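>>> Okay, sequence plus prediction incoming.
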Amino acid sequence: MNIVAHQLLSYNIPDIQVGNALGEVVRGKDYQDYPQTIAAGILLHRNIDTFTDAHPIVKTTTSIFHAAYGKFAPIITDVIYDYFLIKNWHLFCKEDFVDFKNYCYDLMKKREVIFPSKLKTFISYLIEDDWFEKYRTYEGIEWTLSKLSQKSKFHSNMGDSLKEVYIYGKNIENQFLSFFPQLKNFCEKFIVEQVPEYQKYIDSFNSKN
């Protein structure tokens, strides 16, 4: 899953959200260098990725892009799933998307002091270019995938994958809608296993949604 989903699946728990962002760059056992609640967010990030990559529904989506884009197909799937998450935002979060976006941006700015330089740079670009907003449109998705393609060491043309999205978009949306509730349940259980006192935050989030 991509960054919007990672943040939503942190249930507005600041330390989990920060840890989830750190999960982009923290490797191996380095998560142990952080407080338990932030480390739980780092581990959540890893487990979201593992659960997603192994799921048969996600593999079905990824197969749409595999022939033309090879190993970049999972990246395309991650980004397009964020598009369909935002499109169906009302099903998963009653908070206005723009309010959620601004809250996430503000939180990352406040906590960036603990971010490694690589993550600070990534977050800076994300906020400056307003990536969350770009994920709301096909044009923004194309821009994002083109940028990711340019940064890759290998030729990918991921930006061209929008043609597959236009053709198979309804199927991909249905696949996402079948998959995401399962991922949501998985994340709730994982967070509570790591930090039992966070059950009240998840219950509060769910009661509002």
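Everything's here; your move. Residues are numbered from 1 along each chain as shown.

>>> Which secondary structure elements does the helix or strand in which Glu133 is found sit against?
Counting by DSSP states H and E, the element that carries Glu133 is helix 131-134. Helix 131-134 sits against helix 3-8, helix 97-111, helix 138-151, with contacts defined as 3 or more Cβ pairs under 8 Å, 6 or more residues apart in numbering; DSSP states H and E. For every residue, glycine as well, the C-beta is placed using N, CA and C.

>>> moving C-terminal of the longest one, what's the next helix or strand?
Per DSSP H and E, the first helix or strand lying C-terminal to helix 97-111 is helix 117-128.

>>> With only the CA atoms kept, save that following helix in PDB.
The C-alpha coordinates for helix 117-128 follow below in PDB (Å, rounded to 0.1, in the frame of the first residue of the first chain):
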ATOM      1  CA  SER A 117      17.700  13.000   6.400                       C
ATOM      2  CA  LYS A 118      16.500  10.700   3.600                       C
ATOM      3  CA  LEU A 119      13.000  10.700   5.100                       C
ATOM      4  CA  LYS A 120      13.100  14.400   5.700                       C
ATOM      5  CA  THR A 121      13.800  15.000   2.000                       C
ATOM      6  CA  PHE A 122      11.000  12.600   1.000                       C
ATOM      7  CA  ILE A 123       8.500  14.200   3.300                       C
ATOM      8  CA  SER A 124       9.500  17.700   2.200                       C
ATOM      9  CA  TYR A 125       8.900  16.800  -1.500                       C
ATOM     10  CA  LEU A 126       5.600  15.000  -0.600                       C
ATOM     11  CA  ILE A 127       4.300  18.100   1.200                       C
ATOM     12  CA  GLU A 128       5.700  20.700  -1.300                       C
END
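
>>> so what's the closest residue to Tyr81 other than its chain neighbours up against?
Nearest residue to Tyr81, sequence neighbours excluded (Cβ to Cβ, 6 or more residues apart in numbering): Phe176, at 5.3 Å. For Phe176, the contacting residues are 61, 81, 84-85, 88, by Cβ atoms under 8 Å, 6 or more residues apart in numbering.

>>> Buried ones among these?
61, 81, 84-85 (16 or more other Cβ atoms under 10 Å).

>>> Lovely, talk soon.
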